[in-house]
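[1] Everything below, folded, please.
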Amino acid sequence: MSLIVQKYGGSSVADAESIKRVAKRIVETRKAGNDVVVVVSAMGDTTDELFDLALSVSPLPSGRELDMLLTAGERISMALLAMAIKSLGQEARSYTGSQAGLMTDAKHGSARIVDVNPARVRAALDAGAIAIVAGFQGFNRGTGDITTLGRGGSDTTAVALAAALDADVCEIYTDVDGVFTADPRVVPTARKIDTITSEEMLELAAAGAKVLYIRAVEYARRHGVTLHVRSSFNNNEGTLVVNPENGEIVEEAIIAGVAADLSEAKITVVGVPDVPGKAAQIFTIVASTEANIDMIVQNVSTAATGLADISFTLPKLDGAKVIQTLEAKKSEVGFDSLQYDDQIGKLALVGAGMRTNAGVSAKLFTALFDAGINIEMISTSEIRISVVTRADTLGEAVRVVHSAFDLDGEEEAKVHGGTGR
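    Prediction:
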């Protein structure tokens, strides 16, 4: 008997009919002789609707109360799903994150899991029941408060439970058939990847691929959890995300895929004195805002002025507070001015095979040049090349790069629910 953890996103449980369809799939998995733990997100756009409701009564809602409100969405889903499973003749028990033993730190809105003690989930399995767990939420022992895990929280919940229960596999159900070589909504001819390494998946997730969130992939890699990304709308095999260091044999393609991200902005600190310690000073100030920095470029200072410019990218949501904080320290740092640009797009080419194949960079830059697309920033790792372009050219950039590396498939990819989650 295998232990399978299944996670269903909001588009998979968007309405009553969808919940009944998911319940049928879960029951079939149980009848096949498997123990099943299910992690479920809020229905459809419920979380966004609850957040908008909060803003309608308070412009700055309390983090504690906002978490109390937002976790209601998953509690609705888990209860309805348990009811649907019971109507099919199988025993099911639903649990909130705290009841399932997910302990977190005290940071509301983006809490981190610090411990998992799934005693009640294990007891339900031992009793022959299907355990349904609300995703996206946990509990802090110190404060006694409910917390939420932030973006991708349900994925992270599923992986954490799979690790704690020593599950055979963690199935992440979405509205696409797996991980593709590019976003099927941008590149209709994108091909499904049958197997991808956790290293490659980390880079794709960090670069904007939305099918899996980076925190969940990090957790799975750290704890040796095998992920199976598949569609809840059919029974097709999806994409296995594996850890080669754990013994899986993977023949690495040169390029795994192309990711695109429109969620970042660029800040340029103009006229920075080119002396030791200034970059450290600037990024210490940025770090105080808790903004996550992605790409960093510093130009060469001119001999005449002794000044340099430092550009970096970060999430648009963090842009205003970083600009404000840097501006307050302008005289202390000694820079001339700040420039803010939120009309950028990031393209990332990812593949573990890059390590042993020359000419990847040349092919990438040639494809963009031939399409008349300008590159503003470049960043690399051992298995990734990222470039920043104008936001309005990003879609075309992804398509031409995808074709240049022969990633196009013969058929159009299907997005069953329309969101890619």
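
[2] Which helix or strand contains Ala160?
    helix 153-164 (DSSP states H and E).

[3] same for that helix, what does it pack against?
    Secondary-structure packing of helix 153-164 (3 or more CB pairs under 8 Å, 6 or more residues apart in numbering; DSSP states H and E): strand 3-8, strand 35-40, strand 102-104, strand 113-116, strand 130-134, strand 137-139, strand 169-174, helix 214-223. Glycine gets a C-beta too; all of them are placed from N, C-alpha and C.

[4] could these be laid out in JSON lines, adding mean pLDDT and mean neighbour count?
    Converted to JSON lines, those look like this (pLDDT from 0 to 100; neighbours: other CB atoms under 10 Å):
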{"stretch": "strand 3-8", "mean pLDDT": "97", "mean neighbour count": "25"}
{"stretch": "strand 35-40", "mean pLDDT": "98", "mean neighbour count": "29"}
{"stretch": "strand 102-104", "mean pLDDT": "97", "mean neighbour count": "25"}
{"stretch": "strand 113-116", "mean pLDDT": "95", "mean neighbour count": "17"}
{"stretch": "strand 130-134", "mean pLDDT": "98", "mean neighbour count": "28"}
{"stretch": "strand 137-139", "mean pLDDT": "96", "mean neighbour count": "26"}
{"stretch": "strand 169-174", "mean pLDDT": "94", "mean neighbour count": "25"}
{"stretch": "helix 214-223", "mean pLDDT": "92", "mean neighbour count": "21"}
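
[5] which residues touch Ile285?
    Thr325, Leu326, Lys329, Val333 (CB atoms under 8 Å, 6 or more residues apart in numbering).

[6] would you say it is within a helix?
    Yes. Applying DSSP: H, G, I helix; E, B strand; the rest coil, one finds Ile285 inside a helix.

[7] From Glu264, how far off is it?
    Separation of Ile285 from Glu264 (CB to CB, to the nearest Å): 19 Å.

[8] if we can go back for a sec, could you give the angle of the helix holding Ala160 to helix 214-223?
    Inter-element angle recorded for helix 153-164 and helix 214-223: 10 degrees (by axes from the mean of the first three to the mean of the last three CA atoms, to 10 degrees).

[9] what are the ranges of the helices in the protein?
    16-31, 46-57, 63-70, 72-87, 119-126, 153-164, 198-206, 214-223, 278-287, 316-328, 330-333, 360-370, 394-404 (DSSP state H).

[10] and those helices, which is most packed in?
    helix 153-164 (a mean of 28; mean count of other CB atoms under 10 Å).

[11] to the chain's geometric centre, what's the distance from that one?
    Distance, stretch centre to chain centre, for helix 153-164: 13 Å (CA atoms, centre = their mean, to the nearest Å).

[12] How about stretch 28-47?
    The answer for stretch 28-47 is 20 Å, by CA atoms, centre = their mean.

[13] first vs last residue of it, how far apart are they?
    29 Å (CA to CA, to the nearest Å).

[14] if we can go back for a sec, make JSON lines from the helices and strands packed on helix 153-164 and add distance to Val270 to it.
    Shown next, in JSON lines, are the helices and strands packed on helix 153-164 (distance: least, CB to CB, whole Å):
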{"stretch": "strand 3-8", "distance to Val270": "45"}
{"stretch": "strand 35-40", "distance to Val270": "47"}
{"stretch": "strand 102-104", "distance to Val270": "40"}
{"stretch": "strand 113-116", "distance to Val270": "41"}
{"stretch": "strand 130-134", "distance to Val270": "48"}
{"stretch": "strand 137-139", "distance to Val270": "43"}
{"stretch": "strand 169-174", "distance to Val270": "42"}
{"stretch": "helix 214-223", "distance to Val270": "31"}
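
[15] hmm, back to that, pull the most distant pair out of the contacts of Ile285.
    Among the contacts of Ile285, the pair separated by the greatest distance (CB to CB) is Thr325 and Val333, at 11.1 Å.

[16] low-confidence ranges in this structure?
    Applying pLDDT under 70 to the chain picks out residues 245-253, 301-303, 414-421.

[17] Would you mind measuring from the residue at the greatest distance from the centre of it to Glu376?
    Distance from the centre of the chain peaks at Ala304, with 45.0 Å (CA atoms, centre = their mean). Ala304 sits 24 Å away from Glu376, going by CB to CB.

[18] Next: Ala397.
    Ala397 is 12 Å from Glu376, by CB to CB.

[19] what do those two both touch?
    With CB under 8 Å, 6+ apart as the test, Ala397 and Glu376 both reach Val387, Thr389.

[20] how far away is the residue farthest from the centre of the chain from Arg75?
    Distance of Ala304 to Arg75, given as CB to CB: 64 Å.

[21] Next: Ile375.
    47 Å.

[22] cool, Val187 as well?
    For Val187 relative to Arg75 (CB to CB), the value is 37 Å.

[23] distance of the nearest residue to Gly409 once chain neighbours are set aside from Asp274?
    Of all residues not flanking Gly409 in the chain, Arg191 sits nearest, at 3.7 Å (CB to CB, 6 or more residues apart in numbering). To Asp274, Arg191 is 47 Å away according to CB to CB.

[24] who are the neighbours in contact with the residue sitting nearest the centre point of the chain?
    Using CA atoms, centre = their mean, the residue of the chain that lies closest to the mean C-alpha position is Tyr213, 1.8 Å off. The contact partners of Tyr213, taken as CB under 8 Å, 6+ apart, are Arg151, Gly152, Asp155, Thr156, Ala205.

[25] Next, give me the two most distant ones among those.
    Using CB to CB, those span at most 11.9 Å, a distance reached by Thr156 and Ala205.

[26] Quick check: Glu237 touching Arg230?
    Yes. Using CB atoms under 8 Å, Glu237 is in contact with Arg230, at 6.9 Å.

[27] Give the residues shared as contacts by these two.
    With CB under 8 Å, 6+ apart, Glu237 and Arg230 have common neighbours Gly178.

[28] Comparing the two, which residue is more hemmed in?
    Neighbour count, other CB atoms under 10 Å: between Glu237 and Arg230, Arg230 has more, with 23 against 13.

[29] shouldn't that one be in contact with Asp177?
    Yes. Proximity of Arg230 to Asp177 meets the contact threshold set by CB under 8 Å, at 6.8 Å.

[30] picking that back up, got JSON lines for the helices of the chain, with distance to Glu382 too?
    Formatted as JSON lines, the helices of the chain follow (distance: least, CB to CB, whole Å):
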{"stretch": "helix 16-31", "distance to Glu382": "38"}
{"stretch": "helix 46-57", "distance to Glu382": "36"}
{"stretch": "helix 63-70", "distance to Glu382": "38"}
{"stretch": "helix 72-87", "distance to Glu382": "38"}
{"stretch": "helix 119-126", "distance to Glu382": "38"}
{"stretch": "helix 153-164", "distance to Glu382": "24"}
{"stretch": "helix 198-206", "distance to Glu382": "9"}
{"stretch": "helix 214-223", "distance to Glu382": "16"}
{"stretch": "helix 278-287", "distance to Glu382": "23"}
{"stretch": "helix 316-328", "distance to Glu382": "27"}
{"stretch": "helix 330-333", "distance to Glu382": "33"}
{"stretch": "helix 360-370", "distance to Glu382": "12"}
{"stretch": "helix 394-404", "distance to Glu382": "19"}
